[in-house]
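1. Kindly generate the corresponding structure for this input.
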Amino acid sequence: MIDPDGYRPNVGIILMHPDGRVFWARRVRRDGWQFPQGGMNTDETPLEAMYRELREETGLLPDHVDVAGVTPGWLRYRLPPRAIRRNDRMVCIGQKQVWYLLRFTGSEADLRLDLTEKPEFDHWCWVDFWYPLEHVVNFKRGVYERALQHLAPFARQIAGVQAVPSVSLEATRGRGRQRPQRGRVVGARMQAVEGAKGPDGASR
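-> Predicted structure coming up:
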């Protein structure tokens with residue numbers, strides 16, 4: 001589903017631990033790390049799409065999270081030219097997204113990356129709330145800034161100002177140098193990537 005301007009409707013998920021850290025995951029067979037996200041089906045609301053993507057990409061059910069906040073309207077980013085398939089019948093130039101902040105209420109045993117035939121991620125960890133701004137791929141950085149800035153006040157209501165400090169966008173671009181906590185190794189797919197490097201460059 002692509003709108004007349006060439007943007008595919010999409011949902012983004014910021015899954016937050018009660019202590020303010022957020023779920024950060026590595027895409028299968030790639031070096032890129034990101035938040036869970038995915039396209040909407042034509043018969044879905046953004047909320048329905050979010051719960052479906054949450055289940056497919058993290059293994060979590062609605063009972064494992066509380067919706068703490070949502071961005072108003074669409075946030076857009078354009079794909080880099082090399083990623084645009086000009087030969088497709090309907091050309092997609094980027095994504096328009098609704099972002100959800102979810103408070104994680106389950107246990108780490110509930111997080112499963114291997115529930116689908118084609119998993120999106122092969123490794124995850126908890127990182128500082130602003131860490132992704134320093135480490136997401138460049139063309140997504142603007143939409144991550146807008147989503148995190150909008151949802152930060154909701155995050156502070158859960159984790160406090162110390163865990164989610166108020167900072168300017170310029171300041172957040174210089175953050176993210178802490179060593180993230182390693183996530184639990186998940187299933188046989190994770191065993192196959194033992195020795196790979198995590199988001200901080202350390203061997204796993």
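2. Give me the contacts around stretch 66-79.
-> 7, 9, 12, 16, 46-47, 92-103, 105, 139-140, 142-143, 146-147, 150-151, 153-155, 157-158 (Cβ atoms under 8 Å, 6 or more residues apart in numbering). Heads up, the C-betas are built off the backbone N, CA and C, glycines and all.
3. at 7 Å instead, please
-> Stretch 66-79 is contacted by residues 7, 93-103, 105, 139-140, 142-143, 146-147, 150-151, 154, 158 when judged by Cβ atoms under 7 Å, 6 or more residues apart in numbering.
4. buried ones in it?
-> By 16 or more other Cβ atoms under 10 Å, the buried positions in stretch 66-79 come out as 68, 69, 70, 71, 74, 75, 76, 77, 79.
5. any chance of the residues you listed in TSV, plus secondary structure, distance to residue 38 and pLDDT?
-> Putting those into TSV (DSSP: H, G, I helix; E, B strand; the rest coil; distance: Cβ to Cβ, whole Å; pLDDT from 0 to 100) gives the following:
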residue	secondary structure	distance to residue 38	pLDDT
68	strand	20	98
69	strand	19	98
70	strand	16	98
71	coil	16	97
74	coil	15	94
75	strand	15	96
76	strand	16	93
77	strand	15	89
79	coil	15	84
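6. Need those residues in TSV (columns: distance to residue 3).
-> Conversion of the buried residues of stretch 66-79 to TSV gives the following (distance: Cβ to Cβ, whole Å):
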residue	distance to residue 3
68	28
69	24
70	20
71	17
74	9
75	14
76	10
77	14
79	14
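7. closest to residue 114 among the residues you listed?
-> For residue 114, the nearest member of these is residue 68. The distance, counting by Cβ to Cβ, is 26.8 Å.
8. quick one: that closest one and residue 54, what's the gap?
-> Between residue 68 and residue 54 the computed distance is 14 Å (Cβ to Cβ, to the nearest Å).
9. Report the contact partners of the residue nearest the centre of the chain.
-> Most central in the chain under Cα atoms, centre = their mean is residue 35, positioned 1.1 Å from the mean C-alpha point. With Cβ under 7 Å, 6+ apart as the criterion, the residues that contact residue 35 are 12, 13, 14, 132.
10. next SSE after the host helix or strand of the last one?
-> In the assignment (DSSP states H and E), residue 132 maps to helix 131-135. Scanning the chain past helix 131-135 towards its C-terminal end, the next helix or strand to appear is helix 141-159 (assignment: DSSP H and E).
11. Okay, buried residues for that following helix please.
-> Within helix 141-159, the residues scored as buried using 16+ other Cβ under 10 Å are 141-152, 154-156, 158-159.
12. can you count the residues close to the closest residue in space to residue 1 that isn't next to it in sequence?
-> Spatially, and ignoring its direct neighbours in sequence, residue 1 is nearest to residue 42 (5.2 Å; Cβ to Cβ, 6 or more residues apart in numbering). Counted with other Cβ atoms under 10 Å, the neighbours of residue 42 add up to 6.
13. Tell me how far residue 42 lies from residue 48.
-> 12 Å.
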